[in-house]
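*Asks:* Generate coordinates for the sequence data below:
(2 chains)
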Amino acid sequence: NAGVTQTPKFRVLKTGQSMTLLCAQDMNHEYMYWYRQDPGMGLRLIHYSVGEGTTAKGEVPDGYNVSRLKKQNFLLGLESAAPSQTSVYFCASSYSMSVTAQYFGPGTRLLVL
Amino acid sequence: EDKVVQSPLSLVVHEGDTVTLNCSYEVTNFRSLLWYKQEKKAPTFLFMLTSSGIEKKSGRLSSILDKKELFSILNITATQTGDSAVYLCAVSDSWGKLQFGAGTQVVVTP
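*Replies:* A predicted model of the protein is given here:
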């Protein structure tokens, strides 16, 4: 039981490049989330999904897109990376949105030059 | 505007000391408050509090929620170097979305 996994662990992009971050969970959780963590600002919700085929915007969605084609996977895309998107990205999942805690993946460190 | 404020931002203690971390919040449609511990990588879940005045305890860690005064505290007794971490407080609204505080960095020195 791997829990929540993320790939890649680290990536360097040039401004304007695109990339996709992959999150996978093997706990059969319905709900999945993408956060970014910046120094002094805690974790901020980018997008989330309440089930396969559904997505919704969080607190800081601009510049990101997501897809949830399979229940176990949640993809985060950057179409045209900007230096302001340099951050650590965490994926999380939970059984339900309000009853149980969210469980986090190990994070992806992204540097945009 | 919803907000979650943690204090202090950081502290350094000696092994064996007791630590008290604070989390105050203003969140519309409050559902629960959660504490996480973050070492090098992913935040790991510690507690979820939904009812006021009921202490949750796990070993040397305990936490309590005051829904009237809108705050929670996390206590760590007999601290060890392994307790060094950033402790995150998060509040869930009725939709289950979490809003995090900036965290408190705890350093425990031998």
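
*Asks:* residues near residue 45, how many?
*Replies:* Answering for chain A, as no chain was given. Neighbourhood size, A:L45 [other CB atoms under 10 Å in any protein chain shown]: 20. Quick note: C-beta positions are derived from backbone N, CA and C, even for glycine.

*Asks:* that's the wrong chain, I meant chain B
*Replies:* Based on other CB under 10 Å, the number of other residues close to B:F45 is 18.

*Asks:* OK, contacts around it?
*Replies:* When the contact criterion is CB atoms under 8 Å, 6 or more residues apart in numbering or on different chains, the partners of B:F45 are A:A101, A:Q102, A:Y103, B:L34, B:Y36.

*Asks:* Name the residues of chain B found near chain A, please.
*Replies:* By CB under 8 Å from any CB of the partner chain, the residues of chain B that approach chain A are B:4, B:31-32, B:34, B:36, B:41-45, B:48, B:88, B:90, B:92, B:94-103.

*Asks:* Make sure I have this right: A:S84 is in a strand.
*Replies:* No. The assignment for A:S84 is helix, going by DSSP: H, G, I helix; E, B strand; the rest coil, so no strand is present there.

*Asks:* before we move on, back to that, which pair in the contacts of B:F45 has the greatest spatial separation?
*Replies:* A:Y103 and B:L34 (11.3 Å; CB to CB).

*Asks:* same for the helix or strand of chain B with the lowest mean pLDDT, what does it pack against?
*Replies:* Of all helical and strand segments in chain B, the minimum by mean pLDDT, DSSP states H and E falls on strand B:98-100, at a mean of 90. Judged by 3 or more CB pairs under 8 Å, 6 or more residues apart in numbering or on different chains; DSSP states H and E, strand B:98-100 is in contact with strand A:42-49, strand B:3-7, strand B:85-93.

*Asks:* and these as TSV, adding mean pLDDT and distance to A:S93?
*Replies:* Rendered in TSV, the data for the helices and strands packed on strand B:98-100 read as follows (pLDDT from 0 to 100; distance: least, CB to CB, whole Å):
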stretch	mean pLDDT	distance to A:S93
strand A:42-49	93	9
strand B:3-7	95	21
strand B:85-93	93	15
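
*Asks:* In TSV: these, plus distance to A:T15.
*Replies:* Compiled in TSV, the helices and strands packed on strand B:98-100 are given as follows (distance: least, CB to CB, whole Å):
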stretch	distance to A:T15
strand A:42-49	19
strand B:3-7	32
strand B:85-93	30
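
*Asks:* Low-confidence regions, the chain specifically.
*Replies:* No chain in the question, so chain A it is. In the prediction, chain A carries residues with pLDDT under 70 at positions A:1, A:97-100.

*Asks:* that's the other chain; I wanted chain B
*Replies:* In the prediction, chain B carries no residues with pLDDT under 70.
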